[in-house]
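Engineer: Here's a sequence, model it:
(4 chains)
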2 protein chains.
Amino acid sequence: MPYHHGDLRRALLDTALEAIEEQGPAAVSLRDVARRAGVSHAAPTHHFRDKTALLTALAAEGWSLLADALREAAAGGGEFAELGVAYVVFATSHPAHFAVMRAPGLARTDDPDLEAAMGRASAEMRSGVRRFEAGSTRDADTTSLAAWSLVHGLAALILEGAVPLKADADVAEVARAVTARLRPPP
Amino acid sequence: MPYHHGDLRRALLDTALEAIEEQGPAAVSLRDVARRAGVSHAAPTHHFRDKTALLTALAAEGWSLLADALREAAAGGGEFAELGVAYVVFATSHPAHFAVMRAPGLARTDDPDLEAAMGRASAEMRSGVRRFEAGSTRDADTTSLAAWSLVHGLAALILEGAVPLKADADVAEVARAVTARLRPPP
DNA sequence: TCGCACATCTTGTCAATGGCAAGACCTCGG
DNA sequence: CCGAGGTCTTGCCATTGACAAGATGTGCGA
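Structural biologist: Residues are numbered from 1 along each chain as shown, chains lettered A, B, ... in the order given. Prediction:
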């Protein structure tokens, strides 16, 4: 093992994700992450000023990945609902990322990278809604906020355990059914 | 000051709420809560086994208060949308409670009291939806899940700062507009 | 009324954590 | 070849959560 870890920054991020999946984002300890990564307890300092900085980086990465997933879903050319499905599928397949993204107070919400990534995801939702609302006289901002709220809330409720999904339930199916309750443009 | 604090349990809960509003639910320290309440650092032990137990109690209290608010809104006899408005208004007017309710990993989700309180809120949403869906052939469970997701997501996005509300924006107005995007029964 | 069981609160202690400081080590440019 | 700077380590400190043991008040029954 070389003294200089190849890419400790990435290793720490990945290790943190593992720890979060096991213990939740609040219980993560920097020292434990360092231990898992095989470095000393102070090694992370050089890559992340803070524990908060590490979590903020993960949140930003999460929003960015989500934006990518939404863009890809939109490129698929399917119905608008596919955007919502992609959102919920992302949340359930990246639980650690999503947990940090919506955990209150863990990430530094005024971080420029985080703000940019959130903005990108939000813009992706909005552009999807714009197609949905083509020719409508309704306020597109309200519609996109409604759509975003719907899928964000569904994902949150599922991950909070507030919605006990049946074992054989397909998340995408549920998301599709729920998204269908959005009122189409007049 | 009496040796026996009149109702230390309640005092700790209230003090914790203050601390959460100031520093977020993740940064709350039991010792700080005890200090603010004017008792020794080990006093909370007798009322809450754990730090988690305190937060779990707060989460349960939050869901219970939310259920009450929903019931009251339903009793008002207004439109279904008023349920959604009540949900979002509750979240923004009880930010500390709502933060603990949706924070991943802070509360013990298998706690009986918490489960009961969440169930009560969920049932309140469902009964509201049942009126909304009267005479409809649609799956009421899906509709209530959609409604719940919509308002939960909107509240979460607002409190996460993902939706920058304009200073003069009325939360209830926004909630009403967003809720109106739900598709009415055929 | 008295005394005792018990809940309540306190002080003392321990391991673990986050963060800082100072030093060891490695790599790369000149 | 050597020094500068980035990378990582060891050492340290205050704070925290949890536990143990003791002090203090309260209320119940005899």
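Engineer: Quick one: residues contacting residue A:149.
Structural biologist: By C-beta atoms under 8 Å, 6 or more residues apart in numbering or on different chains, the residues touching residue A:149 are B:149, B:150, B:151, B:153, B:154, B:157, B:178. Bear in mind the C-beta positions are built from the backbone N, C-alpha and C, glycine included.
Engineer: Any buried residues in the helix or strand hosting it, and which?
Structural biologist: Here residue A:149 is covered by helix A:140-160, with elements defined by DSSP states H and E. Residues A:140, A:142-160 are the ones in helix A:140-160 that count as buried (16 or more other C-beta atoms under 10 Å in any protein chain shown).
Engineer: In terms of pLDDT, where does the spatially closest residue to residue A:76 that is not a sequence neighbour sit?
Structural biologist: In this structure, residue A:76 finds its nearest non-sequential neighbour in residue A:82, 6.2 Å apart by C-beta to C-beta, 6 or more residues apart in numbering or on different chains. In this prediction, residue A:82 carries a pLDDT score of 93.
Engineer: Give me the number of neighbouring residues for residue A:82.
Structural biologist: 21 (other C-beta atoms under 10 Å in any protein chain shown).
Engineer: List the residue ranges of chain A that fall below the pLDDT cut-off.
Structural biologist: Where chain A drops to pLDDT under 70, the residues are A:1-5.
Engineer: Do a quick rundown of the strands in it.
Structural biologist: Along chain A, counting by DSSP state E, no stretch forms strands.
Engineer: domain ranges for it?
Structural biologist: Domain ranges of chain A: A:1-48, A:50-179, per automatic domain parsing.
Engineer: Nearest approach to DNA strand D belongs to which of the ones you listed?
Structural biologist: Set against DNA strand D and scored by C-beta to the nearest atom of the strand, these come closest in domain A:1-48, at 3.1 Å.
Engineer: Close to DNA strand C: what parts of chain A are there?
Structural biologist: Counting by C-beta under 7 Å from any atom of the strand, chain A comes close to DNA strand C at A:2-4, A:28-32, A:41-42, A:45, A:49-52.
Engineer: Out of these, which end up buried?
Structural biologist: Applying 16+ other C-beta under 10 Å to the residues of chain A next to DNA strand C, the neighbour count classes A:28, A:30, A:32, A:51, A:52 as buried.
Engineer: can you tell me which two in the residues you listed are farthest apart?
Structural biologist: Pairwise distances across these (C-beta to C-beta) peak at 16.1 Å, for the pair A:32 and A:52.
Engineer: Which one of the domains of chain A lies nearest to residue B:104?
Structural biologist: Among the domains of chain A, the nearest to residue B:104 by C-beta to C-beta is domain A:50-179 (4.5 Å).
Engineer: check whether the closest one contacts DNA strand D.
Structural biologist: No: against DNA strand D, domain A:50-179 shows no contacts by C-beta under 7 Å from any atom of the strand, the least distance being 13.2 Å.
Engineer: Verify the stated contact: residue A:43 with residue A:34.
Structural biologist: Yes: between residue A:43 and residue A:34 there is a contact under C-beta atoms under 8 Å: 5.6 Å.
Engineer: For the buried ones among the residues of chain A next to DNA strand C, give me CSV that also has distance to residue B:106.
Structural biologist: Shown next, in CSV, are those (distance: C-beta to C-beta, whole Å):
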residue, distance to residue B:106
A:28, 13
A:30, 18
A:32, 18
A:51, 16
A:52, 16
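Engineer: export these to TSV and tack on distance to chain B?
Structural biologist: Output for those, formatted as TSV (distance: C-beta to the nearest C-beta, whole Å):
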residue	distance to chain B
A:28	9
A:30	14
A:32	15
A:51	10
A:52	10
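Engineer: Might one say that residue A:135 is in contact with residue A:186?
Structural biologist: No: using C-beta under 8 Å as the test, residue A:135 is too far from residue A:186 to be in contact (9.6 Å).
Engineer: all helices for chain A, in order.
Structural biologist: Assigned by DSSP state H, the helices in chain A fall at A:8-23, A:30-37, A:51-75, A:81-93, A:95-102, A:112-132, A:140-160, A:171-179.
Engineer: Can you name every helix or strand that the fifth one contacts?
Structural biologist: If I follow you right, that is helix A:95-102. Counting contacts by 3 or more C-beta pairs under 8 Å, 6 or more residues apart in numbering or on different chains; DSSP states H and E, helix A:95-102 packs against helix A:8-23, helix A:51-75, helix A:81-93, helix A:140-160.
Engineer: what helices or strands is the third one leaning on?
Structural biologist: When you say that, I think you mean helix A:81-93. helix A:51-75, helix A:95-102, helix A:112-132, helix A:140-160, helix A:171-179.
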